[in-house]
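Visitor: sequence-free structure coming up:
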């Protein structure tokens with residue numbers, strides 16, 4: 001028997017759950033009897049969900065505004081660490097740029113939250129919603145659409161099942177099966193780098209300072225966390241990943257210290273390490289018929305500027321507003337409008353992130369001097385520094401309702 005919904009969301013991880021949370025008021029007279037289906041490959045609220053593991057994410061100030069509008073911020077506030085200032089430097093060269101929250105007249109430039117904390121808050125918010133049906137663990141098998149509806153076959157523990165709806169949202173990550181089934185092409189470029197993630201503690205109080213240290217093999221970020229810890233994102237050449245992952249804790253601390261320096265103090269403790277390959281992935285066409293692609297399914301970025309989830313959250317905010325304000329959430333003309341509204345923001349973030357990786361991840365001597373001069377100039381010219389800060393905070397360009405702290 002085929003079940004009918006208004007919206008089908010493929011992927012219930014960080015991005016899919018954020019969309020569900022944004023649509024938790026998708027009820028009432030205007031949207032009476034509206035129903036949403038979520039198809040997720042992992043069991044509900046499972047520790048095996050990779051979106052909700054022990055890694056951390058950097059939330060921009062703009063993302064805070066969206067989460068405030070969604071009524072989630074106060075539930076996160078006690079378990080996050082504010083980024084009060086950012087220190088950017090280039091290993092082996094003089095010059096640095098410092099950005100402070102006081103210059104931008106905001107409470108903080110950003111925040112660091114552990115994935116498991118974000119996951120717990122999101123799942124607590126959505127688990128009791130009556131208009132949401134969760135199919136998990138379940139995976140999408142086929143996708144067909146007509147002018148007025150879309151139908152998918154999913155595989156569950158109880159067998160095959162068909163569900164249909166007016167809109168299909170693909171939030172199933174960088175290897176999105178839904179994107180492939182919808183016939184959407186993806187542009188991908190391998191950076192030949194890996195990100196090694198670990199939490200560390202030093203002998204100095206971090207004071208809310210985030211560090212971005214560029215090296216010839218890629219950037220190293222130290223992001224301030226609760227309990228006076230740092231979330232470290234160490235970008236290395238892909239052929240060096242296995243060796244670094246196999247180091248003892250003492251060897252890891254020593255090599256990281258040597259690569260990063262002593263600005264944050266002496267590294268005393270390190271936690272579990274994770275690694276994943278880095279590539280640039282972009283879906284040039286965000287919609288096809290009644291299918292829309294969001295989050296990492298649409299754009300997977302290098303972690304150099306910490307923009308991945310923040311960009312995805314702006315996808316969520318824009319899409320949720322359009323869904324709530326329209327009777328047919330999957331009308332192709334409506335989705336074409338979504339594509340037009342999101343493209344400029346996406347391309348700006350793509351260009352900045354990709355340019356930073358290419359400019360700073362090398363040992364070219366002339367480029368090194370140019371980078372050093374650029375960091376010095378940026379530190380001296382406050383309008384340029386403010387422009388960089390506002391881009392990092394997600395406050396450039398047009399703002400939708402949730403970004404303006406307005407409820408849907």
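Guide: Looks like it arrived, so ask away. Everything quoted here is computed from the prediction, not taken from an experiment.
Visitor: which ones are touching the closest residue to residue 324 other than its chain neighbours?
Guide: Excluding the flanking residues, the one nearest residue 324 by Cβ to Cβ, 6 or more residues apart in numbering is residue 408, at 4.5 Å. Bear in mind the C-beta positions are built from the backbone N, C-alpha and C, glycine included. Residues near residue 408 by Cβ atoms under 8 Å, 6 or more residues apart in numbering: 22, 25, 69, 320-321, 324-325, 401-402.
Visitor: buried only: go through these for me.
Guide: Using 16 or more other Cβ atoms under 10 Å as the burial test, the contacts of residue 408 include 22, 25, 69, 320-321, 324, 401-402 as buried.
Visitor: narrow these to those in helices?
Guide: Among these, the members falling in helices (DSSP state H) are 22, 69, 320-321, 324.
Visitor: is it true that residue 162 lies in a strand?
Guide: Yes. Counting by DSSP: H, G, I helix; E, B strand; the rest coil, residue 162 is found in a strand.
Visitor: show me which helix runs longest in this structure.
Guide: helix 332-360.
Visitor: confirm residue 198 sits in a strand?
Guide: Yes. With three-state DSSP as the criterion, residue 198 is part of a strand.
Visitor: pLDDT wise, what is it at?
Guide: Reading off the confidence values, residue 198 has pLDDT 95.
Visitor: residue contacts, the closest residue to it other than its chain neighbours?
Guide: The spatially closest residue to residue 198, leaving aside those adjacent along the chain, is residue 273, at 4.7 Å (Cβ to Cβ, 6+ apart). Residues near residue 273 by Cβ under 8 Å, 6+ apart: 196-198, 245, 252.
Visitor: all strands of the stretch 51-200 of the chain, in order?
Guide: Secondary structure of the stretch 51-200 of the chain by DSSP state E, counting those that start in this stretch: the strands cover 56-60, 81-83, 85-90, 96-100, 110-114, 132-135, 138-145, 150-156, 159-165, 167-170, 187-202.
Visitor: include mean neighbour count when you put these into a markdown table, please.
Guide: Listed next are the strands of the stretch 51-200 of the chain as a markdown table, based on neighbours: other Cβ atoms under 10 Å:
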| stretch | mean neighbour count |
| --- | --- |
| strand 56-60 | 25 |
| strand 81-83 | 23 |
| strand 85-90 | 20 |
| strand 96-100 | 18 |
| strand 110-114 | 24 |
| strand 132-135 | 19 |
| strand 138-145 | 18 |
| strand 150-156 | 18 |
| strand 159-165 | 16 |
| strand 167-170 | 30 |
| strand 187-202 | 18 |
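Visitor: minimum distance to residue 334: which of these has it?
Guide: Across the strands of the stretch 51-200 of the chain, residue 334 has its closest neighbour in strand 167-170 (8.8 Å, Cβ to Cβ).
Visitor: that closest one: partners in the sheet, and parallel or antiparallel?
Guide: strand 7-10 (parallel), strand 291-293 (parallel) (DSSP bridges).
Visitor: show me what it is in contact with.
Guide: In contact with strand 167-170 (Cβ under 8 Å, 6+ apart) are residues 6-11, 16, 19, 143, 145, 150, 152, 176, 178-179, 182, 290-294, 297-298, 319, 323, 329-330, 335.
Visitor: okay, now the nearest residue to residue 166 once chain neighbours are set aside: neighbour count?
Guide: Spatial nearest neighbour of residue 166, chain neighbours left out: residue 330 (4.1 Å); criterion: Cβ to Cβ, 6+ apart. If you count neighbours by other Cβ atoms under 10 Å, residue 330 ends up with 25.
Visitor: my read: residue 330 touches residue 288, true?
Guide: No. Counting by Cβ atoms under 8 Å, residue 330 does not reach residue 288; the two are 11.2 Å apart.
Visitor: before we move on, the earlier item: for the residue nearest to residue 198, give me the pLDDT.
Guide: Predicted confidence (pLDDT) for residue 273: 94.
Visitor: if we can go back for a sec, how about the longest helix of the chain: buried residues?
Guide: Buried positions in helix 332-360, judged by neighbour count with 16+ other Cβ under 10 Å: 334-335, 338-339, 341-342, 345-346, 349-350, 352-354, 356-357, 360.
Visitor: how about stretch 56-75?
Guide: Within stretch 56-75, judged by 16+ other Cβ under 10 Å, the buried ones are 56-67, 69-70, 72-73.
Visitor: pull the most distant pair out of the residues you listed.
Guide: Checking the buried residues of stretch 56-75 with Cβ to Cβ, the most distant pair is 56 and 69, at 22.8 Å.
Visitor: thinking again about what came up before, so how far is residue 145 from the residue nearest to residue 166?
Guide: Separation of residue 330 from residue 145 (Cβ to Cβ, to the nearest Å): 9 Å.
Visitor: residues that sit against both of those two, list them.
Guide: 168, 290.
Visitor: got the contact list for residue 156?
Guide: Taking Cβ under 8 Å, 6+ apart, one finds 135, 137-138 in contact with residue 156.
Visitor: repeat that with 6 Å
Guide: Residues near residue 156 by Cβ atoms under 6 Å, 6 or more residues apart in numbering: 135, 138.
Visitor: return the set of residues that bridge with it.
Guide: residue 138, residue 159.
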